[in-house]
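Novice: Fold the following.
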Amino acid sequence: MNIKDNKKWITVPVIAFMLLWALPSTAQQIAIKTNTLSDLGALPNIGAELIVGEKTSLEFSFTGAIADPWGQDLDLTMGSFQYRYWIPQRALTQLFVGAGVKAGSYRYSDTSTLFEGDFAAAELVGGWAWPIAKRWNLELSYGFGLVMRHQYEIAHEAASTVSPSMKYDIATTTLGVSFVYIIK
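Specialist: Here you go, the predicted model:
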């Protein structure tokens, strides 16, 4: 199997999973969001949050890299899913805690080496949402968790593949300053 084809095994199922959850939704509220920190880093994203109970919601998002952000050769696709419990009030207001998963693939090249791989993460997340206008919220979020990476390294000069490596880390998985538009 070609290394570039490896990312298809994760990207297609993540997008299909997100669509299957969103299509039959009968929630009273749906919110569309974007993480401004990610957008400013040339990694645009779009997300949706579906209210599934008085104090619970499901959040889905998709992130992809713009061609050659920051003048570097980078290809990134990532999907994420979070279950959120809103503590003091109804969903989409004030404090939340939750759990989620992320998965994606990447390809990055520096001057001497090409890195290609897939990753998945299980995370705990928390944050706060402030209403800033009638249907607009500002949301801060932070998450950390276990990240698993399966990576190939290919030296440009030798054009030989280094054997794949599997790595596990505890790391920050979510850092967000998001603008949220609530659709009723």
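Novice: wait, Phe179 sits on Ala31?
Specialist: No - if you go by Cβ atoms under 8 Å, Phe179 and Ala31 don't touch, sitting 10.2 Å apart. Any C-beta I mention is one placed from the backbone N, CA and C, and that applies to glycine too.
Novice: Counting neighbours, go ahead and name the busier of those two.
Specialist: Ala31 (25 against 15; other Cβ atoms under 10 Å).
Novice: shaky segments in the chain?
Specialist: 1-28, 66-71, 156-161, 163 (pLDDT under 70).
Novice: for the protein, what spans make up the strands?
Specialist: For the chain, applying DSSP state E gives strands covering 30-35, 45-51, 56-64, 73-86, 94-109, 113-131, 136-155, 161-183.
Novice: With just CA atoms, put the last one into CSV.
Specialist: Provided in CSV are the C-alpha atoms of strand 161-183 (Å, rounded to 0.1, in the frame of the first residue of the first chain):
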residue,chain,number,x,y,z
THR,A,161,11.9,4.7,4.1
VAL,A,162,12.7,4.4,7.7
SER,A,163,10.6,1.7,9.4
PRO,A,164,7.3,2.9,10.7
SER,A,165,7.2,4.0,14.4
MET,A,166,4.4,3.9,16.8
LYS,A,167,4.5,6.6,19.5
TYR,A,168,2.2,7.4,22.5
ASP,A,169,2.2,10.7,24.3
ILE,A,170,0.1,12.6,26.8
ALA,A,171,-0.4,16.0,25.2
THR,A,172,-2.6,19.0,24.7
THR,A,173,-5.2,18.0,22.2
THR,A,174,-7.5,21.0,22.1
LEU,A,175,-6.8,24.7,22.4
GLY,A,176,-9.6,26.8,21.2
VAL,A,177,-10.9,30.3,20.9
SER,A,178,-14.1,29.7,18.9
PHE,A,179,-16.8,31.9,17.5
VAL,A,180,-20.2,30.1,17.6
TYR,A,181,-23.3,31.0,15.7
ILE,A,182,-26.5,29.4,17.2
ILE,A,183,-29.1,28.3,14.7
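Novice: Now do the shared contacts for Phe179 and Ala31.
Specialist: Shared contacts of Phe179 and Ala31, defined by Cβ atoms under 8 Å, 6 or more residues apart in numbering, are found at Asn137.
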